[in-house]
Each structure stands twice: as C-alpha cells, then as structure tokens.
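[1] turn this into a structure:
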Amino acid sequence: MKGFRVTDKLLKPVYGIYEKRLEAEVKSRPLPRHVAIIPDGNRRWAKMKGFKEWYGHKEGYKKMREVLLWLLDLGIETVTVFAMSTENCTRRSEEERRNLFDLISGGLRELAKEKIIHEHKVKVNVIGKCEMWPKYLKEAAEEVQKATQHYNERYLYVAVCYGGRQEIVDAVKKIAMEVLEGKLKPEEITEETISEHLYTAGVPDPDLIIRTSGEERISNFLLWQSAYSEFYFADMYWPEIRKIDILRAIRDYQRRKRRYGK
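    Numbering: from 1, shown residues only. The predicted structure follows:
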C-alpha cells in the first residue's frame with residue numbers, strides 16, 4: 001500500500017490536469033438542477049484508519065463543506081444532504097448521537113456566517129423530525145434559516161432525523177386534516193398535492209443522487225422525490241471522495257438518457 005501512496009503523489013500533477021479537463025467537459029453540458037447526497041461510510045473509514053468513530057463523522061463534515069463548495073462553483077442550484085436519519089436518531093448510542101448533534105449544530109452556525117453561502121445567495125433549510133432535535137440544534141437551524149431566508153438563487157437542504165417514509169406519513173396526515181376541515185375534497189388529491197405537503201415542498205425533485213461507501217440502496221431517503229432520479233454509487237467511503245469523483249458522477253448523469261417513463 002505504501003507504494004501506491006508514493007505513486008499517487010507522483011501522479012498528482014496528472015490528476016490536476018485531468019480534473020480541469022473533466023470539469024470543462026461537465027460544464028459544457030446541461031447540469032443537474034438538484035443533486036442529493038448520501039454521505040455514507042464515515043464510521044467505517046474511521047475504523048479502517050484506526051480512529052474512533054466520532055472522528056469519522058468529523059472528517060465527513062469537513063468533506064461535506066468541501067463538496068458543497070465544488071457543487072456551488074459548478075452551478076448546481078439545489079443540494080440536499082442526508083446528514084442524519086431517523087434511525088441514527090433512535091438507534092445510535094447516546095454518546096454518538098450527542099457527537100452528531102454537536103457536529104451538525106456547529107456546522108449550521110458556521111453556514112450562517114459562511115462567506116460563500118452569502119456570495120452565492122444560498123437559502124438553507126433544515127428538514128426532518130424537529131421534535132427529535134435537542135434545543136441547541138433547533139436554535140442553530142433557526143439561526144442559519146433566518147440568516148439566509150431572503151435568498152432564492154440557490155438552495156441547500158440539510159436532512160436531520162429524516163426518514164422518507166415518515167415524511168410521506170406526515171404529508172398524508174396534513175392532507176387528511178385538510179379534508180376533515182373541508183378545505184380539500186378526496187377526489188382533488190393528486191401527486192402534486194402530496195408533493196406540496198412534503199418537507200421539500202416547492203423544490204424540484206433530485207436529478208442525481210450520489211451515495212458513497214459502495215452500498216447500493218436508498219436507505220429511506222427522499223422516497224417520493226426520487227421516483228425518476230438517477231443514482232450514482234461510488235465505491236469509496238465519504239471522507240475519501242475527491243472532486244474528480246463528483247465530476248465523474250455528474251458526467252455519468254449527463255451521459256444517461258432520461259425518458260421519465262416515455
């Protein structure tokens with residue numbers, strides 16, 4: 001393995017040239033409007049490196065900031081990040097949940113002051129089962145949402161204690177209440193009605209969903225919204241992902257023919 005590391009260092013200038021050419025190729029074609037990310041493999045990466053699990057989440061957060069900057073620079077309009085699932089919020093140890101909540105809340109407060117967020121006029125929204133969030137996370141979410149509420153050029157959605165099935169259940173409950181109140185008739189319910197009651201109401205469905213770690217499943221993420229999404233599964237842990245890998249994912253998306261059932 002040490003030999004490979006030396007080779008990587010020697011090939012770094014070549015990778016730089018390839019990255020620039022790849023980026024130019026990607027920018028010359030229609031870009032996905034909405035890219036969603038499942039940043040999987042933080043804990044396994046930490047174990048592989050001999051670190052504690054929380055360190056993997058820390059490095060994963062640093063990588064997410066980096067990837068977000070790449071996507072903004074490319075011109076992607078909307079990014080949705082699966083930061084923490086409902087399963088993470090209930091099944092992980094109390095210590096790990098606390099570390100994750102601390103990391104996410106700190107990250108949200110940083111985003112509220114992040115220069116590039118304001119330069120690109122990115123509106124940030126935090127979605128999920130907010131009743132499962134600790135008070136300081138709710139305050140951090142309110143802070144970043146308030147700081148970016150007037151922007152409407154780019155969008156970032158951070159999903160915390162989020163589950164796609166629960167999102168649909170919550171949407172159905174809202175619709176049922178409107179029916180009971182006489183605001184809506186059952187025969188008037190359409191696909192658009194459900195979309196309008198989801199956490200992501202008003203946001204175009206993701207064109208491309210990227211998942212790392214080699215796992216090829218959706219894991220209860222954006223179940224309704226991903227009906228016609230393209231998927232790209234990267235065989236690496238999230239902290240290892242490079243700009244080249246993100247560009248390859250987008251190029252792969254650009255090469256596919258999207259028929260939407262036609």
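[2] buried set for the strand or helix carrying Met64?
    Using DSSP states H and E, Met64 maps to helix 53-74. Within helix 53-74, the residues scored as buried using 16 or more other CB atoms under 10 Å are 53-61, 63-64, 67-68, 70-72, 74. In this view, the C-beta of every residue, glycine as well, is placed from N, C-alpha and C.
[3] can you map out the helices along the stretch 151-262 of the chain?
    164-180, 191-196, 243-255 (DSSP state H, counting those that start in this stretch).
[4] let me have these in JSON lines, extended by distance to Glu95, mean neighbour count and mean pLDDT.
    Listed next are these as JSON lines, based on distance: least, CB to CB, whole Å; neighbours: other CB atoms under 10 Å; pLDDT from 0 to 100:
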{"stretch": "helix 164-180", "distance to Glu95": "24", "mean neighbour count": "15", "mean pLDDT": "97"}
{"stretch": "helix 191-196", "distance to Glu95": "38", "mean neighbour count": "13", "mean pLDDT": "97"}
{"stretch": "helix 243-255", "distance to Glu95": "31", "mean neighbour count": "18", "mean pLDDT": "97"}
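[5] dump these into a markdown table; add distance to Gln225 as well.
    Formatted as a markdown table, those follow (distance: least, CB to CB, whole Å):
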| stretch | distance to Gln225 |
| --- | --- |
| helix 164-180 | 8 |
| helix 191-196 | 8 |
| helix 243-255 | 16 |
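[6] nearest to Asp207, out of these?
    helix 243-255 (6.8 Å; CB to CB).
[7] for the closest one, the distance to its chain's centre please.
    Averaging C-alpha positions (CA atoms, centre = their mean, to the nearest Å) puts helix 243-255 16 Å from its chain's average.
[8] got the contact list for that helix?
    Under the criterion CB atoms under 8 Å, 6 or more residues apart in numbering, residues 15, 18-19, 22-23, 25-26, 29-32, 35, 67, 70-71, 74, 207-208, 210, 230, 232, 234, 236 lie in contact with helix 243-255.
[9] could I have that helix exported to PDB, CA atoms only?
    Output in PDB follows, covering the C-alpha atoms of helix 243-255 (Å, rounded to 0.1, in the frame of the first residue of the first chain):
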ATOM      1  CA  LYS A 243     -13.600  16.400  -6.800                       C
ATOM      2  CA  ILE A 244     -12.800  14.000  -9.600                       C
ATOM      3  CA  ASP A 245     -15.300  11.600  -8.200                       C
ATOM      4  CA  ILE A 246     -18.000  14.200  -8.000                       C
ATOM      5  CA  LEU A 247     -17.300  15.300 -11.600                       C
ATOM      6  CA  ARG A 248     -17.400  11.700 -12.800                       C
ATOM      7  CA  ALA A 249     -20.800  11.200 -11.100                       C
ATOM      8  CA  ILE A 250     -22.200  14.300 -12.900                       C
ATOM      9  CA  ARG A 251     -20.600  13.300 -16.200                       C
ATOM     10  CA  ASP A 252     -22.200   9.800 -15.800                       C
ATOM     11  CA  TYR A 253     -25.600  11.500 -15.200                       C
ATOM     12  CA  GLN A 254     -25.100  13.700 -18.300                       C
ATOM     13  CA  ARG A 255     -24.500  10.600 -20.500                       C
END
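[10] ok so Met84 is a strand residue?
    Yes: per DSSP: H, G, I helix; E, B strand; the rest coil, Met84 lies within a strand segment.
[11] in contact with it, which residues?
    Leu100, Ile104, Gly128, Ala159, Val160, Cys161, Tyr162.
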